[in-house]
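Next comes the sequence, and after it the predicted model I'd like to discuss.
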Amino acid sequence: MRLLVRSLSLLLLLLPAVRLHASEAPLTLVQAVQRGLARAPLVRADRDSIAASRAQADRAGRLPDPSMSVGVSNYPVTSPDALRWGAEPMSMRTVGVTQAIPSKAMRTAERRLADAGVDVAVALRAITVEDTQRRVADAWIAVWAQRRRRIELLDLREESRLAVQVAKARLKGGDGTVTDVLAAQSAALTLENRIDAVDAAREAARAELRRWVGSSANRLAAAPDFARLPQAPAVLEARVDRQVPMRIWRARESAAAATLAEARAAKHPDWSVGVAYGNRGSGRSDMVSLQFSVSLPVFTRHRQDPGIDAADDDWRAVQAEHRDARRAQRAAVEARLAVWRGWTRRIDRDRDRLLPLARDRARAALAAYRGGGSLQPWLEARRDEIALRLGYVDALAARAEQWTALAYLMPAKGELP
């Protein structure tokens, strides 16, 4: 009775977990990418970096804080009245405030440079988002591909068992050989080894996927149609500048231009204004001082001009690197599209022609063996069919990886701040 009560209690405790597992919906590729983005620490870190850059941009171009001064003026130190307060009528205690006023050009350049820093931070986050999307998708595809390999191999298990049964039957009937029985058993065990290896690889792939999406990596939904891209190939080839890897170059070019403007602004004079109040005591009149000062950039040849030349060279260098990156990105997109199309053609050929031929060849060889023929043709056909099936899944996975590399080149709407 106690054992029955304990068993019922344990069942009640496990029932919610069992229901939760049973009700867990298969994980689609889109859901995996969304959960991966929501859980990725680097994406959160880049969001904080953008907030920090915007906070810096809010303070850029503003006047610096005023400075306050406190002291004494005209205090005697050498006359017979030295170090005696009140002996000199001009001695006074002073307190003043000074405000520096950088030139308008400099403050404008500071704001442009800060805004460019925000653009760089946003572009870096876009790159992080794209990289995370691709890595999560690749992890999902790795699990999906191992599952497809297992399905392909399990489809051959029954035929392997049948071959062993036929070999044993022929041996009992006096028409077979022990060698055929051993060869058929060896082929069946080799198939089981392949299945076990695929199971191990699938668990390893799941561990990588769990890193991104958590426990929901246990069940996968059907794969999307990797033969169709979210963006048409013509759109990807025409909109290279809008793709995520190119966003950083526009931001860097803006930052270099802002740095050049800041260097040029150094030729503009800066101003400052100061007000001081002096108290002389002993019934004497207090005094107020007002002072203006301006910087004199008169030695620009050796001071400001070299900085301007250096900033201009950097800006031109970034422009050249931007052009080179655009060419490289266009070539990379065209190459990936060519590889993706090539895998699609091979997959169609394998699915529609080679795999059916390999299946018919193996069945015909086994039927011939049952009719009294040799086992060797079936062993060769089985070996070739296994290699073709696994190669077919490899092609599916390779095309899917090219698909992910192309699918996330364009930033999704609402994806970035």
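That came through fine.

Low-confidence bits of the stretch 1-150 of the chain, can you list those?
Along the stretch 1-150 of the chain, segments meeting pLDDT under 70 span 1-24, 86-87.

try 90
Within the stretch 1-150 of the chain, the ranges that satisfy pLDDT under 90 run 1-25, 43-44, 46-48, 50-51, 53-65, 71-94, 100-101, 103-106.

Leaving out chain neighbours, which residue sits closest to R370?
Once flanking residues are discounted, R370 sits nearest to V166: 5.2 Å by CB to CB, 6 or more residues apart in numbering. Any C-beta I mention is one placed from the backbone N, CA and C, and that applies to glycine too.

which residues does that neighbour contact?
V166 makes contact with 184, 366, 369-370 under the criterion CB atoms under 8 Å, 6 or more residues apart in numbering.

and after the helix or strand where it lies, which helix or strand comes next?
Assigned by DSSP states H and E, V166 belongs to helix 157-172. Going down the chain from helix 157-172, the next helix or strand is helix 178-213, by DSSP H and E.

quick one, strands of this structure?
67-73, 92-101, 271-279, 287-294 (DSSP state E).

Nearest to R112, out of the contacts of V166: which one, please.
Top of the list for closeness to R112, among the contacts of V166 and by CB to CB, is L366 at 76.0 Å.

and that closest one, what does it touch?
Going by CB under 8 Å, 6+ apart, L366 touches 159, 162-163, 166, 378.

try 6 Å this time
Applying CB atoms under 6 Å, 6 or more residues apart in numbering, we find L366 in contact with W378.

in the helix holding V166, what's buried?
Using 16 or more other CB atoms under 10 Å as the test for burial, helix 157-172 gives 159-160, 163-164, 166-167, 170.

What's the local residue count around A338?
12 (other CB atoms under 10 Å).

Over to L379?
Using other CB under 10 Å, L379 has 19 neighbouring residues.

Tell me how the protein divides into domains.
26-59+104-266+303-407, 64-75+87-101+267-302 (automatic domain parsing).

related to what we said a few turns ago, tell me how far the helix holding V166 lies from the chain's centre.
52 Å (CA atoms, centre = their mean, to the nearest Å).

Quick one: work out the angle between that helix and helix 178-213.
Orientation of helix 157-172 against helix 178-213 (axes from the mean of the first three to the mean of the last three CA atoms, to 10 degrees) gives an angle of 170 degrees.

Neighbour-wise, which one of the contacts of V166 leads?
Most neighbours among the contacts of V166, by other CB under 10 Å: A184, with 26 neighbours.

mind checking how far it is from I386?
Distance of A184 to I386, computed by CB to CB, to the nearest Å: 15 Å.

if we can go back for a sec, per-stretch mean pLDDT over the domains of the chain, give me the minimum one.
Note on the domains of the chain: domain 64-75+87-101+267-302 shows the lowest mean pLDDT, a mean of 85.

quick one, what contacts V294?
By CB under 6 Å, 6+ apart, the residues touching V294 are 269, 271.

Make residue 1 into 46 and carry on from there
Noted, 46 is the first residue going forward, which turns the last one into V339.

beta partners of it?
Taking DSSP bridges as the rule, V339 bridges to W316.

Quick check: the gap between it and G141.
18 Å.

Any figure for the gap between the closest residue to T449 other than its chain neighbours and Y453?
Distance criterion CB to CB, 6+ apart; nearest residue to T449, sequence neighbours excluded, is A182 at 4.1 Å. According to CB to CB, A182 and Y453 sit 7 Å apart.

surely W189 meets P269?
No. Counting by CB atoms under 6 Å, P269 is not a contact partner of W189; they are 10.2 Å apart.

Tell me which of those two has more neighbours.
W189 (22 against 15).

residue contacts, that one?
Contacts of W189 (CB under 6 Å, 6+ apart): 265, 268.

and it, how far is that from A268?
Applying CB to CB, the value for W189 to A268 is 5 Å.

List the contacts of the residue minimising distance to the centre of the chain.
Nearest to the geometric centre of the chain sits D176, at 2.3 Å (CA atoms, centre = their mean). For D176, no residue meets the contact criterion (CB under 6 Å, 6+ apart).

how near is it to A83?
Taking CB to CB, one finds D176 at 15 Å from A83.

One more: N263?
N263 is 18 Å from A83, where distance means CB to CB.

can you check T123 too?
In terms of CB to CB, T123 sits 76 Å off from A83.

Repeat that for G116.
Taken as CB to CB, the span from G116 to A83 is 59 Å.

same deal with A440?
32 Å.

swap in L305?
Applying CB to CB to L305 and A83 gives a distance of 40 Å.

Now do A443: how many residues are near it, please.
Number of residues near A443 (other CB under 10 Å) recorded here: 18.

Same check on E155?
20.

do R381 as well
R381: 18 surrounding residues under other CB under 10 Å.

And for R264?
12.

from what I can see it touches P71, true?
Yes. Look at R264 against P71 with CB under 6 Å: they come within range, at 4.6 Å.

and the residue of the chain positioned farthest from its centre, backbone torsions?
Taking CA atoms, centre = their mean as the measure, the residue most remote from the mean C-alpha position of the chain is P125, 78.5 Å away. The phi and psi values for P125, taken as degrees, to the nearest 10, are phi -60, psi -20.

How about G418?
With angles defined as degrees, to the nearest 10, G418 sits at phi -80, psi -170.

Quick check: closest non-adjacent residue to it.
Among residues not flanking G418 along the chain, A410 sits closest, at 7.9 Å (CB to CB, 6+ apart).

And stretch 365-379, what's buried?
By neighbour count with 16+ other CB under 10 Å, stretch 365-379 contains the buried residues 367, 370-371, 374-375, 377-378.

tell me the contacts of R273?
With contact set as CB under 6 Å, 6+ apart, R273 has no partners.

From D93, how far out is it?
With distances taken as CB to CB, R273 is found 37 Å from D93.

same thing with R386?
41 Å.

ditto for M332
On the measure of CB to CB, M332 and D93 end up 52 Å apart.

what does R408 give?
Applying CB to CB, the value for R408 to D93 is 61 Å.

rewinding a little: could you check which of A440 and A83 has the larger neighbour count?
The neighbour comparison of A440 against A83 (other CB under 10 Å) goes to A440, with 19 against 11.

Surely the more buried one and W388 touch.
Yes. Using CB under 6 Å, A440 is in contact with W388, at 5.4 Å.

quick revisit: between R408 and D93, which has more neighbouring residues?
It is R408, of R408 and D93, that has more neighbours when counted by other CB under 10 Å, with 14 against 11.
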